[in-house]
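Asks: 3D model of this:
(chains A, B, C and D)
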Protein chains: 2
Amino acid sequence: MSSSNLYKDIDPIYLAVDCIIFGFDGNDLKVLLIKRGFKPEKGKWSLMGGFINKNESVDDGAKRVLLNLTGLGDIFMKQLHVFGEINRDPVARTVSVSYYALINIHDYDNKLVREHEARWFTINKIPDLIFDHGEMISKAIESLKKDVKYSPVRFELLPKKFTLPQLKRLYDCIMGKEHDVRNFSKKILSTGMLIKLNEKDSNSSKKGAFLYRFDKKRYKTLKDEGFLFIS
Amino acid sequence: MSSSNLYKDIDPIYLAVDCIIFGFDGNDLKVLLIKRGFKPEKGKWSLMGGFINKNESVDDGAKRVLLNLTGLGDIFMKQLHVFGEINRDPVARTVSVSYYALINIHDYDNKLVREHEARWFTINKIPDLIFDHGEMISKAIESLKKDVKYSPVRFELLPKKFTLPQLKRLYDCIMGKEHDVRNFSKKILSTGMLIKLNEKDSNSSKKGAFLYRFDKKRYKTLKDEGFLFIS
DNA sequence: CCAAAAGTGTTTCTATTACACCCATGT
DNA sequence: ACATGGGTGTAATAGAAACACTTTTGG
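Replies: Model prediction:
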């Protein structure tokens, strides 16, 4: 810090990140929350968060926080919003940057999650949260809703193989409205983004539904084109 | 700071804001830049920015920075993105939040602007800037482009009375494409957002173009509806 | 055989695009 | 009288929305 005395009159501030971790269990869109094991507000529900260290970028900090809770690295995260009100953290002046992460709900480290006493909550049944974490979640849902409309689909939330009814259900949850089955299939199949497999999944019906997987190359192309994916 | 020793092991960080100030001179979309009067990078072009004080929210900090340069308060500002790479500021670890502001280009405090040696630059003729300010501007333009599509129009950039050709030109600039005159008029008039006045502006043609003003109530309604305004 | 979910086409309607001529006026 | 920018309507196309029946199969 040879020349940091240039900034000697500046107030340094604590900078944190908070992660809205979304998962989809086939039925509902959920958020992973932890029971806070430390002060302030120990014992209350909150987002997983952490302070940014001097030696990591803010984005890397967010990734570290996600890794610490879920054991997952290399996950798609999106920076959302800065929460910078003066008294949002009663302990000290802390500014927090929110991020969302989309993960496969079956694919995380259970031991870590248990250690943090974390639990999945359906997005319309979120408990009271500390600080402004409730608002962070609302904004994240709003943002996900927008994103999913213009970027093709967030396949991160689904297992490798999935059925059309599952995919539709996911879209219905995120966008908060029921899509027409026929229009939905038509539109999504027309993108060429899905590859039909020769297997069926019979967990949710007698007839069974065909499994599909994503064509990642095609997905990337569409994403880059900023394709309006579904209304 | 009674209990801030809870955070005693946390690295505090310098937190700044940088403002992308947009203006429209009737012809081009422009950005207001200052010639830096202080270290580091003294004498180079940069965005107007400043550090967040302990006693102000981040949003308020952005407003203060805008006020200091333009003398304008109560201006629409939108928080954009956090720039948090480790070495973005060579002096010390500084994280910056970018904001854009939309102002009427004829309506600012000239004395302040001269003091800062500030100048307007057309958005496709931006000079080399310090740090990551170039990227901040690109992201801001991108964001403005999106915003203008879904929120009706940014009347903040125009004088109270304006003509349809002026408005079209503004949209052409922001969206980087030439709109069809007829389709543009049709669409924008159909929103009911414009009120035709009984005056003409003859500055740019012999015939003169009718002046309009915005119907703010209608504007607000459309904005709240998230209306897709123009493509 | 029946309950429950999967799968599949057509029509209507609405929104977007493309396109060209006359008007008003200052010089 | 002419050059310059302002103002206006219609037809073609594409995309979104509405809508209902048949298929499969485990029980």
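Asks: so who does A:Phe162 touch?
Replies: For A:Phe162, the contacting residues are A:211-213, by C-beta atoms under 8 Å, 6 or more residues apart in numbering or on different chains. Heads up, the C-betas are built off the backbone N, CA and C, glycines and all.
Asks: Buried only: go through these for me.
Replies: Those of the contacts of A:Phe162 that meet the buried threshold are A:211-212, by 16 or more other C-beta atoms under 10 Å in any protein chain shown.
Asks: Among the contacts of A:Phe162, name the ones in strands.
Replies: Here DSSP state E is the test, and these give A:211-213 as lying in strands.
Asks: ok, the longest helix seen in chain A near DNA strand D or not?
Replies: When chain A is parsed with DSSP state H, its longest helix is helix A:133-150. No. Legend: contact between helix A:133-150 and DNA strand D by C-beta under 7 Å from any atom of the strand is lacking; minimum distance shown is 9.8 Å.
Asks: close to DNA strand D, is the next helix or strand after that helix?
Replies: Per DSSP states H and E, helix A:133-150 leads on to strand A:162-163 as the next helix or strand towards the C-terminus. No. Among the residues of strand A:162-163, none lie within reach of DNA strand D under C-beta under 7 Å from any atom of the strand; the closest is 14.3 Å away.
Asks: partner strands of strand A:162-163, parallel or antiparallel?
Replies: Paired neighbours of strand A:162-163 in the sheet (DSSP bridges): strand A:209-214 (antiparallel).
Asks: Report the rounded mean pLDDT for the partner strand.
Replies: Regarding strand A:209-214, the rounded mean pLDDT is 97.
Asks: For it, what is the distance to the chain centroid?
Replies: Counting by C-alpha atoms, centre = their mean, to the nearest Å, strand A:209-214 is centred 23 Å from the centre of its parent chain.
Asks: if I've got this straight, A:Ile86 is in a strand?
Replies: No. Counting by DSSP: H, G, I helix; E, B strand; the rest coil, A:Ile86 falls outside a strand, being coil.
Asks: Now it, what are its backbone angles?
Replies: Main-chain dihedrals, A:Ile86, degrees, to the nearest 10: phi -60, psi -50.
Asks: That one reaches B:Val58, doesn't it?
Replies: No. Counting by C-beta atoms under 8 Å, B:Val58 is not a contact partner of A:Ile86; they are 9.4 Å apart.
Asks: Which one of the two is surrounded by more residues?
Replies: Counted by other C-beta atoms under 10 Å in any protein chain shown, A:Ile86 and B:Val58 do not tie: B:Val58 has more neighbours, with 22 against 14.
Asks: right, and that one touches A:Val82 too?
Replies: Yes. The pair B:Val58 and A:Val82 passes the contact test of C-beta under 8 Å, sitting 5.6 Å apart.
Asks: Now for these two: what residues contact both?
Replies: Counting by C-beta under 8 Å, 6+ apart, the common neighbours of B:Val58 and A:Val82 are A:95, B:79, B:97.
Asks: Out of those residues, name the ones that lie in strands.
Replies: When the shared contacts of B:Val58 and A:Val82 are checked against strands (DSSP E), the matches are A:95, B:79, B:97.
Asks: Name the nearest of those relative to DNA strand C.
Replies: B:Gln79 (27.8 Å; C-beta to the nearest atom of the strand).
Asks: how far away is the closest residue to that closest one other than its chain neighbours from A:Ile52?
Replies: Here the nearest residue to B:Gln79 in space, its sequence neighbours aside, is B:Tyr99; by C-beta to C-beta, 6 or more residues apart in numbering or on different chains that works out to 5.5 Å. B:Tyr99 sits 20 Å away from A:Ile52 when distances are taken as C-beta to C-beta, to the nearest Å.
Asks: repeat for A:Asp215
Replies: For A:Asp215, the distance to A:Ile52 (C-beta to C-beta) stands at 37 Å.
Asks: Looking at these two, which one has more neighbours?
Replies: Using other C-beta under 10 Å, the more surrounded residue of A:Asp215 and A:Ile52 is A:Ile52, with 28 against 15.
Asks: next one: phi and psi at the more buried one?
Replies: Here the main-chain torsion angles of A:Ile52 (degrees, to the nearest 10) amount to phi -80, psi 130.
Asks: same deal with A:Leu129?
Replies: For A:Leu129, the backbone dihedrals are phi -120, psi 160 (criterion: degrees, to the nearest 10).
Asks: Would you mind putting the contacts of A:Phe162 into CSV with distance to DNA strand D alongside?
Replies: Listed next are these as CSV, based on distance: C-beta to the nearest atom of the strand, whole Å:
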residue, distance to DNA strand D
A:Leu211, 14
A:Tyr212, 18
A:Arg213, 21
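Asks: when you check DNA strand C, which of the contacts of A:Phe162 turn up near it?
Replies: Restricting these to those near DNA strand C - C-beta under 7 Å from any atom of the strand - leaves none.
Asks: Is the one helix or strand in chain A whose mean pLDDT sits lowest positioned near DNA strand D?
Replies: Of all regular secondary-structure elements in chain A, judged by mean pLDDT, DSSP states H and E, the least confident is helix A:216-225 with a mean of 81. No. Using C-beta under 7 Å from any atom of the strand, we find that helix A:216-225 stays clear of DNA strand D, coming within 12.2 Å at best.
Asks: which other helices and strands contact that helix?
Replies: When contacts are defined as 3 or more C-beta pairs under 8 Å, 6 or more residues apart in numbering or on different chains; DSSP states H and E, helix A:216-225 packs onto no helix or strand at all.
Asks: tell me the angle it makes with helix A:133-150.
Replies: In terms of direction (axes from the mean of the first three to the mean of the last three C-alpha atoms, to 10 degrees), helix A:216-225 departs from helix A:133-150 by 100 degrees.
Asks: centre of the chain versus the longest strand along chain A, how much separation?
Replies: Secondary structure of chain A read by DSSP E shows that its longest strand is strand A:14-24. Average the C-alpha atoms of strand A:14-24, do the same for its chain, and the two points are 8 Å apart (C-alpha atoms, centre = their mean).
Asks: The helix or strand following it to strand A:14-24, inter-axis angle?
Replies: Proceeding C-terminally, strand A:14-24 gives way to strand A:29-35 as the next helix or strand, assigned by DSSP H and E. Going by the same axes, to 10 degrees, strand A:29-35 is angled at 140 degrees with respect to strand A:14-24.
Asks: who does strand A:29-35 pair up with?
Replies: For strand A:29-35, the pairing partners within the sheet under DSSP bridges are strand A:14-24 (antiparallel), strand A:45-46 (antiparallel), strand A:118-122 (antiparallel).
Asks: Can you lay out those strands as a markdown table showing mean pLDDT, distance to B:Ser151 and mean neighbour count?
Replies: Rendered in a markdown table, the data for the strands paired with strand A:29-35 read as follows (pLDDT from 0 to 100; distance: least, C-beta to C-beta, whole Å; neighbours: other C-beta atoms under 10 Å in any protein chain shown):
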| stretch | mean pLDDT | distance to B:Ser151 | mean neighbour count |
| --- | --- | --- | --- |
| strand A:14-24 | 98 | 24 | 25 |
| strand A:45-46 | 97 | 32 | 18 |
| strand A:118-122 | 97 | 31 | 16 |
